[in-house]
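Visitor: Whatever this is, show me its structure:
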Amino acid sequence: MKKQTKWFIIPCAALGLTLGSALVSFAATGWAEENGEWVYYQKDGSKATDVFAKSGNNWFYLDSDGTMAKSQLIEKDDNYYYVNSAGAMVTSEWREVENEDAGGDEPDTYWYYLQSNGKAVKKSGSSNNVKFVTLPNASGQGRYTFDEEGRMLFGWIDESGEMLTDDDAWKSGMYYCGENGDGRVATGWKYITAENDEDTEREGDGYWFYFATNGKKTKDNDNKKINGRKYRFDENGAAHFEWYNNPGTASGSNAVNKFYSSEEQCWMSTGWFKAIPNEDIDPEGHDDGDEQWYYADSSGDLAMAEIKKINGQSYGFDQYGKMLHGLYKIEFEENGKTIRTAEEIESFDDLPDEDEDGVFVYYFADSPKEGAMKTGTVTIELDGDKYAYSFQKSGSKKGAGIDGIDSDSIYIKGRRIEAEEGTKYQPFTYKDETYLISTAGKLMKNKKNIKDSDDTYYKTDSKGIIVDSGSEKLD
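Guide: Numbers count the residues shown, from 1 in each chain. This next block holds a predicted model:
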């Protein structure tokens, strides 16, 4: 959506009349020039007053003094006319007329449309509803509405056809007819200035509104589809942008949390999108100010507190909907699928202990896609050191770090246990048994008199459990 450029009514060229060519003077009756003013004598010899008189193809108005009126609005028999500088009645033309009551909420001028019979288009006095008429303008034609005095209305108009001028007009107004000099009823998208002290988050000075083909604004609609995209409009008709949390739900993982794109777009985001976390749902994430990846289905509902397969890759999402990226220790609800907590492992000290039941480690990396869950063997760096990890390739906990003895190695929450560099071999106690492991993380099974870098000899059984050790060779 782009803000629309304003345009203004351009009236047709005025009739090029001169007093000499437009009026024909007669001796006894008809037109006569007196003291530089034109008057009209009737058959009885009296001056015509408060009436239109014709000369050639044009009508002229004689005022209460009998003098021909010029460049002014004429009210007669509950109708309004306009005579130009030559005094001729204007027809089939727009005219801008000075407003004698200008000031306050009143504009300096009003626009009128004079029909082919010279009468200004006006609202019927008996009508309590707004009525629009199609009229020509500089760009072709448009639909306009007028008051009982023939004045074109502009700005916000309510359903009864009244023009609203207060700061909250955008809330109660149903139609929008541009600025004075425009007047066309808006249809489709329009960005309109609107004062709202309750909304301090917006960057602009207004909101996007959407008007139907009949000019009515869309409001109280949380699923309006326009050109293939969905939008939400509040009770005042303003298109919602950025985060929306249903006020009828609690905050956190149970909240109805949708995102409606930027202030310039407002459409409901689906698929992948990036945004700063919702202040109401995830205040800590919001305060960090960093954009995060989110994923929403075709209904705009976020993937939250789950590991979800998307286009062939699995991704993790915390209880607020943020995509997980990096190494995480995760706790699940009793159903084994819903993520209760997801805490990023940023250093070695964050690693879970062996006896932390119900805690699983997952790795969401950068390949083949950012945030894609890894399986199999992976090398991960923590505090500048590299560690070998192995993650399950299948099963209900696919992607979880292997926990236990697998392929002649001990894994704790996915991390392979290895002897310290330079030791060759090192004892490691796991589940009340002490094993001998190499610097490559392999269990030393059925070994006798295998010696570490400190010249300590070891003897192990078929499982790699140390059965004897000492500084001398073993029997």
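Visitor: hang on, residue 340 in a strand?
Guide: Yes - counting by DSSP: H, G, I helix; E, B strand; the rest coil, residue 340 falls inside a strand.
Visitor: what's around it, how many residues?
Guide: Neighbours of residue 340 under the rule other Cβ atoms under 10 Å: 14. No exception for glycine: its C-beta is placed from N, CA and C like everyone else's.
Visitor: Might one say that it is in contact with residue 319?
Guide: Yes - using Cβ atoms under 8 Å, residue 340 is in contact with residue 319, at 7.5 Å.
Visitor: Surely residue 405 forms part of a strand?
Guide: Yes - assigned with three-state DSSP, residue 405 falls within a strand.
Visitor: I'd guessed it sits against residue 442; true?
Guide: No - using Cβ under 8 Å, residue 405 is not in contact with residue 442; the gap is 11.3 Å.
Visitor: list residues touching both of residue 340 and residue 319?
Guide: residue 305 (Cβ atoms under 8 Å, 6 or more residues apart in numbering).
Visitor: got a pLDDT number for residue 65?
Guide: Looking at residue 65, its pLDDT reads 95.
Visitor: can you count the residues close to the closest residue in space to it that isn't next to it in sequence?
Guide: Among residues not flanking residue 65 along the chain, residue 49 sits closest, at 7.0 Å (Cβ to Cβ, 6 or more residues apart in numbering). The number of residues packed near residue 49 is 15, by other Cβ under 10 Å.
Visitor: quick one: contacts for residue 49?
Guide: Counting by Cβ under 8 Å, 6+ apart, residue 49 makes contact with 62-66.
Visitor: Provide a list of residues in contact with residue 204.
Guide: Applying Cβ under 8 Å, 6+ apart, the residues near residue 204 are 191, 263.
Visitor: quick one, helices of the stretch 151-300 of the chain?
Guide: Assigned by DSSP state H, counting those that start in this stretch, the stretch 151-300 of the chain shows helices spanning 169-172, 283-288.
Visitor: Buried members of the contacts of residue 49 into PyMOL, please.
Guide: Buried residues among those (16 or more other Cβ atoms under 10 Å), as a PyMOL selection:
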select buried, resi 62+66
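Visitor: Narrow the contacts of residue 49 to those in helices?
Guide: Within the contacts of residue 49, no residue falls in helices by DSSP state H.
Visitor: which among the contacts of residue 49 gets closest to residue 44?
Guide: Nearest to residue 44 among these is residue 66, at 13.3 Å by Cβ to Cβ.
Visitor: Tell me who's in contact with the closest residue to that closest one other than its chain neighbours.
Guide: Closest residue in space to residue 66, ignoring its immediate chain neighbours: residue 47 at 3.4 Å, by Cβ to Cβ, 6+ apart. Counting by Cβ under 8 Å, 6+ apart, residue 47 touches 39-41, 62, 66.
Visitor: quick one: average pLDDT of stretch 304-321?
Guide: 96.
Visitor: Low-confidence ranges, this protein, go.
Guide: 1-27, 126-127, 246-256 (pLDDT under 70).
Visitor: what do you get if the cut-off is 50, keeping everything else the same?
Guide: 2-8, 10-22, 24-27, 250-254 (pLDDT under 50).
Visitor: I figured residue 318 was touching residue 343, is that so?
Guide: No - assessed by Cβ under 8 Å, residue 318 is found out of contact with residue 343, at 9.3 Å.
Visitor: quick one: which of the contacts of residue 49 is nearest residue 462?
Guide: Top of the list for closeness to residue 462, among the contacts of residue 49 and by Cβ to Cβ, is residue 63 at 122.3 Å.
Visitor: now the closest residue to residue 230 other than its chain neighbours: how far from residue 234?
Guide: Nearest residue to residue 230, sequence neighbours excluded (Cβ to Cβ, 6+ apart): residue 268, at 4.2 Å. Using Cβ to Cβ, to the nearest Å, residue 268 is found at 14 Å from residue 234.
Visitor: So for the two, which sits in the more crowded spot?
Guide: Legend: neighbour count by other Cβ under 10 Å for residue 268 and residue 234, higher for residue 268 (23 against 15).
Visitor: Ramachandran coordinates for residue 350?
Guide: Dihedral pair for residue 350: phi -80, psi -10, per degrees, to the nearest 10.
Visitor: What of the one 10 residues further on?
Guide: Main-chain dihedrals, residue 360, degrees, to the nearest 10: phi -120, psi 150.
Visitor: That one: what's it in contact with?
Guide: 329-332, 397, 400-401, 403, 413.
Visitor: Over to residue 168?
Guide: So residue 168 contacts residue 195 (Cβ under 8 Å, 6+ apart).
Visitor: Kindly report the same for residue 469.
Guide: Contacts of residue 469 by Cβ under 8 Å, 6+ apart are 427, 456-459.
Visitor: now with 6 Å?
Guide: By Cβ atoms under 6 Å, 6 or more residues apart in numbering, the contact list for residue 469 reads 456, 458.
Visitor: quick revisit: which one of the contacts of residue 49 is nearest to residue 276?
Guide: The closest of the contacts of residue 49, once distances to residue 276 are taken by Cβ to Cβ, is residue 63, at 67.5 Å.
Visitor: Identify the residue spatially nearest to the closest one, adjacent ones excluded.
Guide: That would be residue 69: by Cβ to Cβ, 6+ apart, it lies 5.0 Å from residue 63.
Visitor: Who are the contact partners of the one you found?
Guide: Taking Cβ under 6 Å, 6+ apart as the contact definition, residue 69 lies against 61, 63, 83.
Visitor: where does the residue nearest to residue 282 when sequence neighbours are not counted land in three-state SS?
Guide: Among residues not flanking residue 282 along the chain, residue 320 sits closest, at 4.1 Å (Cβ to Cβ, 6+ apart). The three-state assignment at residue 320 reads coil, by three-state DSSP.
Visitor: For the stretch 151-300 of the chain, which segments are assigned as strands?
Guide: 156-157, 163-164, 175-176, 188-193, 206-211, 221-226, 229-233, 243-245, 257-259, 271-275, 292-296 (DSSP state E, counting those that start in this stretch).
Visitor: now the ones you listed in JSON lines, with mean neighbour count and distance to residue 350?
Guide: Output for the strands of the stretch 151-300 of the chain, formatted as JSON lines (neighbours: other Cβ atoms under 10 Å; distance: least, Cβ to Cβ, whole Å):
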{"stretch": "strand 156-157", "mean neighbour count": "22", "distance to residue 350": "57"}
{"stretch": "strand 163-164", "mean neighbour count": "20", "distance to residue 350": "59"}
{"stretch": "strand 175-176", "mean neighbour count": "24", "distance to residue 350": "55"}
{"stretch": "strand 188-193", "mean neighbour count": "16", "distance to residue 350": "47"}
{"stretch": "strand 206-211", "mean neighbour count": "21", "distance to residue 350": "44"}
{"stretch": "strand 221-226", "mean neighbour count": "14", "distance to residue 350": "41"}
{"stretch": "strand 229-233", "mean neighbour count": "20", "distance to residue 350": "39"}
{"stretch": "strand 243-245", "mean neighbour count": "18", "distance to residue 350": "29"}
{"stretch": "strand 257-259", "mean neighbour count": "25", "distance to residue 350": "27"}
{"stretch": "strand 271-275", "mean neighbour count": "14", "distance to residue 350": "26"}
{"stretch": "strand 292-296", "mean neighbour count": "20", "distance to residue 350": "20"}
